[in-house]
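*Asks:* Sequence and computational prediction follow.
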Amino acid sequence: MRLIVRPEAEADLAQAYDWYEDQRVGLGREFMEEASRCLQSIEQRPLSFARVDEMAHRAILHRFPYALFFVASTEEISVVAAFHMARHPDALSLRLAPDA
């Protein structure tokens with residue numbers, strides 16, 4: 001399956017990178033390295049991650065309170081969001097809406 005990170009998820013990751021980098025130089029890079037490891041795990045075994053609704057799965061990053069949310073079909077894995085774990089769950093519903 002092909003892994004696609006949608007622009008909205010890329011923007012989420014960039015925003016988190018900036019925030020962590022503002023906290024301590026190099027921490028943003030560490031966040032992105034962890035996100036990259038998580039993306040590799042998703043690509044290798046997408047169906048091993050918890051389902052959060054009828055469409056989406058969630059992969060939790062280690063060390064950082066973020067999760068990657070994705071939808072897997074037979075042809076591709078689409079990462080739709082990278083959210084802080086404290087974010088309201090309705091935000092994911094908006095990303096999964098058909099016209100999103």
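*Replies:* Sure thing, it's come through.
*Asks:* And the pLDDT for the residue nearest the centre of the chain?
*Replies:* Central residue of the chain (C-alpha atoms, centre = their mean): residue 68, 2.0 Å from the mean position. Predicted confidence (pLDDT) for residue 68: 97.
*Asks:* Can I take it that it is in a strand?
*Replies:* Yes - judged by DSSP: H, G, I helix; E, B strand; the rest coil, residue 68 forms part of a strand.
*Asks:* Is it bridged to anything, and to what?
*Replies:* Residue 68 forms beta bridges with residue 59, residue 82, as assigned by DSSP bridges.
*Asks:* mind listing what it touches?
*Replies:* Counting by C-beta atoms under 8 Å, 6 or more residues apart in numbering, residue 68 makes contact with 9, 35, 38-39, 42, 58-59, 61, 79, 81-82. From N, CA and C alone the C-beta is placed, and that goes for glycine too.
*Asks:* And residue 19, by the same measure?
*Replies:* Here residue 19 is in contact with residue 28 (C-beta under 8 Å, 6+ apart).
*Asks:* Tell me how far it lies from residue 74.
*Replies:* Using C-beta to C-beta, to the nearest Å, one gets 36 Å for the distance from residue 19 to residue 74.
*Asks:* swap in residue 54?
*Replies:* Counting by C-beta to C-beta, the gap from residue 54 to residue 74 is 16 Å.
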